[in-house]
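Asks: sequence first, then the predicted structure, then my questions.
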Amino acid sequence: MPTPQPAIFRENTPHHFFLEYRLRPGWHADALTRSLRSALDARPDDTNLLLAFGRDAWERLAPDAVPDNFIAFHPVLGRQDRTAPGTQGDLLFWLHGARHDLNVQCALAIGRALAGIATLELEQHGFVYLDSRDLTGFIDGTENPRDAEARTAALIPDGMTGAGGSFVLTQQWAHDLERFGALRQDEQEAVFGRTRPDSVAIDDAPPTAHVKRVELEVDGEELKIYRRSVPWGGLRQHGLYFLAFSREIMVFAMQLDRMFGRADDGLMDRLTEFSAPVSGSYWYAPALETLRAAVGAAPE
Ligand code: HEM
C-alpha cells in the first residue's frame, strides 16, 4: 500500500495547530504546487505536518486520483435549530509536536508561502488537556482504534483510487461549559454514556447519549473512525477541534446524521445541548507517493 502521511498516526504530541485555507478565485495549479512545495519545506524536523485537500482543489490538482465518494461538506440541518454548519475549505494543515513555538514557526512559514494564493479561514491552537480529556472533564479517545485497527479504520484500502490516503472530518466545536457544569455528575455521564473519572461504559445509557449516537453497525460490521481531536481555547471561549480519519466518508456523514436527529429514530445527541460546531469540512489526505506525484513534495 502507498505510504500514509506519518502525521496521522503519531500520537502523544501535546501541541497542535490547525490552519484552514480557501484558495482565491482564479488560482493556478502551477502557482499552488510551487507554494505548497515551499510550505512543506518549512517543516522543522520535530513538527509533524499533515496536508489535506478539499474536493475542488484536489480534483483540479489531480483529476485522475480522486477517491470514490469524495464530497464537500454540506451543512447538517438538525432538529431544534441545532445544525452543523459547512465551511468547506481547500487546504488543511495540521501541525503537531512537542513544542508550540515550532508549530508557530512552521505556521508562519506556511502563511508566507500561501500569501497571495489563499485566504486563511481558520487558525487554531489545540492542546492535550490532562490525561487526554475534553474540557468537559471526560476522557476522549477510550474507544479509539489502535495500531493495525487504526490503520484499517483510517486508510483507503489497496486497489481503490486514493489507496493509503484518508478522508478527514474537521469541526471546531464551541462548548457551553457553564451549562454543562450545572449538571450533576450522573447527569453529565448520561450525556456521554461513560463515567467521568475513568471512562467506563454505562450499560443502560440512554439512546441519546453521545456514544450511542456515534457507535455504528452496518450488516453486523462495526464501522470505526480514528479520532485525533484536541481541546482549544481558554476562559472566554473553548471547545474541541474535532479531527478524525476514515477510509469512507459516509461513516462521518452517518454519525453526524445520528447526532443531529436525521436518522430514522429522529433522536438528537445530548451533547448538542452543550456544544455546537462552528466549522465543518471534509478533506482528503493523500498518501506520500500520491502527494509527490501531484505536488512534487510530501511531508515525510
Ligand atoms: C463536542 C464534540 C465532541 C466531544 C466533546 C466528544 C467526546 C467524546 C467522548 C468523551 C467519547 C467517549 C470516550 C471515547 O471513546 O473516546 C467519545 C466517543 C466517540 N465519539 Fe465523540 N465527541 C465529540 C464529537 C464527535 C463527533 C462529531 C463524532 C463523529 C462525527 C464523534 C465520534 C465519536 C466516536 C466514534 C466515539 C466512540 C464511540 C464508541 O465506539 O464507543 N464524536 N466522544
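Replies: Great, that's in hand.
Asks: distance of the nearest residue to N69 once chain neighbours are set aside from V191?
Replies: Nearest non-adjacent residue to N69, counting by Cβ to Cβ, 6 or more residues apart in numbering: I249, 5.4 Å away. All C-beta atoms are positioned from the backbone trio N, CA, C, and that covers glycine. Using Cβ to Cβ, to the nearest Å, I249 is found at 27 Å from V191.
Asks: for the stretch 201-300 of the chain, which residues are neighbours of the ligand?
Replies: Residues of the stretch 201-300 of the chain lying near the ligand by Cβ under 6 Å from any ligand atom: H210, V211, V214, E215, I225, L240, F242, F252, Q255, L256, L271, S275.
Asks: how does it look with 8 Å?
Replies: Within the stretch 201-300 of the chain, the positions near the ligand by Cβ under 8 Å from any ligand atom are 201, 210-211, 214-216, 222, 224-225, 227, 229, 239-240, 242, 244, 252, 255-256, 259, 271, 274-275, 277.
Asks: residue closest to the middle of this structure?
Replies: Central residue of the chain (Cα atoms, centre = their mean): L243, 2.0 Å from the mean position.
Asks: just grab the bridge partners of that one for me.
Replies: Beta-bridge partners recorded for L243 (DSSP bridges): T170.
Asks: ok, it - contacts?
Replies: By Cβ atoms under 8 Å, 6 or more residues apart in numbering, the contact list for L243 reads F18, W94, V168, L169, T170, R227, R228, S229, V230.
Asks: make it 7 Å
Replies: W94, T170, R228, S229 (Cβ atoms under 7 Å, 6 or more residues apart in numbering).
Asks: on that earlier part again, do I have it right that the residue nearest to N69 meets P67?
Replies: No. Contact criterion Cβ atoms under 7 Å: I249 and P67 do not qualify, at 8.5 Å.
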